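Enquirer: Next one to model:
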Amino acid sequence: MDKISYTIGSKVPGSRAPTLAASVRAQCDLPWSRANQLIERGKVTVDDAVVLDPSSRVRPGMRVEIDERRPSPKPLTIPILFEDAQVIVIDKPAGISSVPYEKRDSETAMDAIRDAWRVEGRKASVTPLLVVHRIDKDTSGLLAFAKTKPAEKAMQKLFREHDVERTYLCVVHGHLTDLRIESRLVEDRGDGLRGSTRTPGRGKRAVTHVKVLEKLPDTSLLQVRLETGKTHQIRIHLSEAGHPLVGERVYVRDYAKKREPIPSERLLLHAATLGFAHPSTGKLVQLESKLPPAFTKALAQLRERPPLTEPVGTRSARAGARSPRD
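Expert: Next up, the predicted model:
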């Protein structure tokens with residue numbers, strides 16, 4: 001088959017947008033199996049982006065190109081730590097989004113799971129992956145998806161009611177003591193960033209428990225337990241306490257006004273444990289993820305780092321925490 005390009009035309013009023021597989025099949029007069037195969041092997045692009053899911057919808061104006069000579073994309077390698085008919089839990093690397101935020105987003109954790117299924121010879125586009133929680137793109141560690149609607153409903157309820165055990169390992173600037181941080185988080189604290197507020201009735205309650213595991217020359221290794229799970233909660237709470245994460249590039253503005261942040265190739269935040277009641281059996285599923293090599297390398301370097309002549313953040317976080325914005 002030569003390279004074929006075409007533009008999706010107008011759809012029939014009242015009908016659903018066609019799937020990519022249906023469009024390729026009709027355009028090229030192919031069997032369903034062949035159309036699916038071309039897509040899943042990365043031979044089809046939509047608006048210049050490779051789309052690997054035959055069931056994705058295409059809409060009028062989108063440009064589709066089919067090229068059998070196109071190199072197949074290299075599968076994303078990602079460890080699957082737990083999987084059954086209801087749930088899958090992976091060990092997500094840093095730098096990969098949990099889910100696509102735009103329709104053409106690729107190389108997400110969901111794509112990585114489907115790549116792993118393809119390598120095993122499984123039908124990657126048949127089983128749904130349903131979102132029950134997320135971790136930040138720059139955070140590594142444990143991430144769960146449901147595979148059925150009943151499991152999705154049950155897992156979302158567990159996360160919503162805080163019946164999930166989640167601990168993180170992270171490295172922050174300076175030294176602090178064990179503490180509990182509680183605030184109400186808003187999407188804009190007044191300067192365009194998410195943060196805490198004291199305004200009554202605003203924001204969502206967020207509670208973070210911090211335990212110091214090791215004090216390094218001018219940083220600290222922490223274990224953090226989430227009582228709630230709001231967007232960027234750990235990063236915001238520790239930054240507002242005067243101890244932003246090493247590798248932080250967003251919630252470091254106030255700290256950077258006073259001293260130079262310690263450079264790091266990655267955000268030193270890792271989702272280390274995840275525990276939940278299985279949605280079907282009720283049995284406890286308890287999983288643990290080891291620190292990835294890039295994290296352990298950065299930690300070793302920080303242990304050897306000469307301490308600064310001026311102490312960094314030596315006050316306790318309770319005494320040195322910044323007041324939430326109004």
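Enquirer: Next up, the contacts around residue 25.
Expert: Neighbouring residues of residue 25 by C-beta atoms under 8 Å, 6 or more residues apart in numbering: 31-32, 34-35. Bear in mind the C-beta positions are built from the backbone N, C-alpha and C, glycine included.
Enquirer: can you check residue 173 too?
Expert: So residue 173 contacts 218-219, 243-246, 255, 261-262, 312-313 (C-beta under 8 Å, 6+ apart).
Enquirer: go with 10 Å
Expert: 218-220, 238-239, 242-246, 248, 252, 255, 259, 261-262, 312-313 (C-beta atoms under 10 Å, 6 or more residues apart in numbering).
Enquirer: Give me the below-cutoff pLDDT ranges for this protein.
Expert: Along the chain, the parts satisfying pLDDT under 70 run over 1, 11-14, 73, 75-76, 102-106, 309-326.
Enquirer: which residues of the stretch 1-150 of the chain fall in strands?
Expert: 4-7, 44-46, 49-50, 63-66, 80-83, 87-92, 130-131, 140-146 (DSSP state E, counting those that start in this stretch).
Enquirer: Quickly compare those strands and say which is most buried.
Expert: Comparing the strands of the stretch 1-150 of the chain by mean neighbour count (mean count of other C-beta atoms under 10 Å), strand 140-146 ranks first with a mean of 25.
Enquirer: Tell me what angle that strand forms with strand 87-92.
Expert: With axes from the mean of the first three to the mean of the last three C-alpha atoms, to 10 degrees applied, the angle from strand 140-146 to strand 87-92 works out at 160 degrees.
Enquirer: picking up where we left off before, can I get the strands of the stretch 1-150 of the chain in TSV including distance to residue 211?
Expert: Converted to TSV, the strands of the stretch 1-150 of the chain look like this (distance: least, C-beta to C-beta, whole Å):
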stretch	distance to residue 211
strand 4-7	57
strand 44-46	47
strand 49-50	43
strand 63-66	53
strand 80-83	24
strand 87-92	22
strand 130-131	29
strand 140-146	17
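Enquirer: care to break the protein down by domain?
Expert: Listed by automatic domain parsing, the domain ranges of the chain are 4-66, 80-152, 164-262+305-320.
Enquirer: Nearest to residue 290, out of those domains?
Expert: Closest to residue 290 of the domains of the chain is domain 80-152 (C-beta to C-beta; 8.5 Å).
Enquirer: From start to finish, how long is that closest one in a straight line?
Expert: 18 Å (C-alpha to C-alpha, to the nearest Å).
Enquirer: Please state the offset of it from the chain centre?
Expert: Between the centre of domain 80-152 and the centre of its chain there are 10 Å (C-alpha atoms, centre = their mean, to the nearest Å).
Enquirer: what separates the stretch of helix or strand residue 302 belongs to from the chain centre, distance-wise?
Expert: Residue 302 belongs to helix 293-304 when assigned by DSSP states H and E. From the chain centre to the centre of helix 293-304 is a distance of 22 Å (C-alpha atoms, centre = their mean).
Enquirer: Same question for stretch 243-259.
Expert: 21 Å.
Enquirer: Show me which residues of it are buried.
Expert: By neighbour count on 16 or more other C-beta atoms under 10 Å, the buried set for stretch 243-259 is 243-248, 250-252, 255.
Enquirer: Where strands are concerned, which of those residues count?
Expert: Taking DSSP state E, every one of the buried residues of stretch 243-259 sits outside strands.
Enquirer: ok, of these, which one's closest to residue 181?
Expert: The nearest member of the buried residues of stretch 243-259 to residue 181, counting by C-beta to C-beta, is residue 243 at 10.6 Å.
Enquirer: I'd guessed the closest one sits against residue 218; true?
Expert: No. With contact defined as C-beta atoms under 10 Å, residue 243 does not reach residue 218; the gap is 11.1 Å.
Enquirer: Helices along the stretch 101-250 of the chain, start to end?
Expert: Along the stretch 101-250 of the chain, counting by DSSP state H, counting those that start in this stretch, helices occupy 109-119, 149-160, 233-240.
Enquirer: Would you mind listing which of the contacts of residue 25 are buried?
Expert: By neighbour count, with 16+ other C-beta under 10 Å, those hold residue 35 as buried.
Enquirer: As JSON lines, the contacts of residue 25 with distance to residue 107 would be great.
Expert: What follows is these, written out as JSON lines (distance: C-beta to C-beta, whole Å):
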{"residue": "31", "distance to residue 107": "29"}
{"residue": "32", "distance to residue 107": "26"}
{"residue": "34", "distance to residue 107": "25"}
{"residue": "35", "distance to residue 107": "23"}
